[in-house]
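> got a predicted structure plus its sequence, pasted below:
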Amino acid sequence: MRVDLFDFDLPADRIALRPAVPRDAARLLCVTGETLSDRIVRDLPQLLRAGDCLVFNDTRVIPAQLDGRRGEARIGATLHKRIGPRDWQAFVRNAKRVRPGDRIDFAAGVSATASDRAADGSMTLSFAGDEPVEVLLARAGTMPLPPYIAGKRPTDAQDASDYQTMFADKDGAVAAPTAALHFTPSLMTALATAGIGHETLTLHVGAGTFLPVKADDTDDHVMHAEWGTIDAATAARLNAVRAAGGRVIAVGTTSLRLIESASQEDGTITPFEGDTDIFITPGYRFRGIDGLMTNFHLPKSTLFMLVSALMGRETMVAAYAHAIAEDYRFYSYGDASLLIP
């Protein structure tokens, strides 16, 4: 399909620079079939049914943004994907000043050697020393805010908590699973009281989620890979939800992509561990999920293509036009949508 079919104009002032306070006060655009309704996240217990199950990503964002020098050249690095105990793929700013074998000195005595420039422009960084890389990042790194936020204001101490979900448990993401940012303990209690369950899985979100689609046709786009896992017990419980007539509602496109990667043709969700580069576009037949809660996505992005595959392109174009007209807040710190085909 032509990538420009997924384009739209978004006023710059609709990009949220901070999350809603409290988190569950964010607005929620409900899209059921072709029907739109304006609600707030706190309404979820009334919008879902007893027996439904929300699926959250329990990845934890690491301070993956690094600033340093190679000689006199200023170098920035955003870690993307772990490929070894001390090795990470990274998108490097001012990469033309870095050659394989060069050492980059970051803050607080942290350094890494660059190698292996990949087709997507990323490089491999091998961190020096014996301390775990997580310790080095805690010392020298900052939270890797998306470029559309970082370009408008500096990262600060508040982002260390704002850009982390209440489910964050397993270190490894370099971008937050942002749909889950809207959830609070009180909302989870209300959902449980309404008979709505929840499960967690892990997909370590990579910086590739923000890469633009540069191809003119979706067939020519190479999707980034991310590591994820669903254990056997979780897969069995999700299958039991659907067998009992409940719906599996993914919270975030990361949860959805992992569930679909683990789903068989008959809709059975199986245990999964490894990389997934699943690219979902209109025409895809969903197998493992029955709905999606997600934030509003960038024009011509793989994620806007995904929601268009779930609900239909025309429906999502209309939904986004409504959201823009009604002053919804967009992107990672913005409002949410609940999509039920």
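Cool, the structure landed. Since the structure is predicted, the reported quantities are computational estimates derived from the model, not experimental observations.

> which residue would you name as the spatial centre of the protein?
Pro177 (3.9 Å; CA atoms, centre = their mean).

> residue contacts, the nearest residue in space to it that is not next to it in sequence?
Nearest residue to Pro177, sequence neighbours excluded (CB to CB, 6 or more residues apart in numbering): Asn57, at 3.9 Å. Heads up, the C-betas are built off the backbone N, CA and C, glycines and all. Taking CB atoms under 8 Å, 6 or more residues apart in numbering as the criterion, Asn57 is in contact with 165, 167, 177, 180, 200-203, 205, 251-252, 254-255, 258.

> now do Ala235: how many residues are near it, please.
Neighbour count for Ala235, taken as other CB atoms under 10 Å: 21.

> list the buried residues for the helix or strand it falls within?
Using DSSP states H and E, Ala235 sits within helix 232-243. Judged by neighbour count using 16 or more other CB atoms under 10 Å, the buried positions of helix 232-243 are 234-235, 238-239, 241-242.

> turn the contacts of Asn57 into TSV, columns for distance to Leu298 and pLDDT.
Shown next, in TSV, are the contacts of Asn57 (distance: CB to CB, whole Å; pLDDT from 0 to 100):
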residue	distance to Leu298	pLDDT
Thr165	20	98
Phe167	24	98
Pro177	16	97
Ala180	19	98
Thr200	26	98
Leu201	24	98
Thr202	24	98
Leu203	19	97
Val205	15	94
Val251	19	98
Gly252	15	97
Thr254	15	97
Ser255	19	98
Leu258	21	98
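
> for Gln46, give me the pLDDT.
In this model, Gln46 is scored at 98, pLDDT.

> any idea how far the closest residue to it other than its chain neighbours lies from Leu187?
Excluding its sequence neighbours, the residue lying closest to Gln46 (CB to CB, 6+ apart) is Ala194, at 7.7 Å. Per CB to CB, to the nearest Å, Ala194 is found 11 Å from Leu187.

> what's the overlap in contacts for the two?
With CB under 8 Å, 6+ apart, Ala194 and Leu187 have common neighbours Pro45.

> of the two, who's got more company?
Neighbour count, other CB under 10 Å: between Ala194 and Leu187, Leu187 has more, with 19 against 15.

> need the contact list for the more buried one.
Counting by CB under 8 Å, 6+ apart, Leu187 has contacts 24, 41-42, 44-45.
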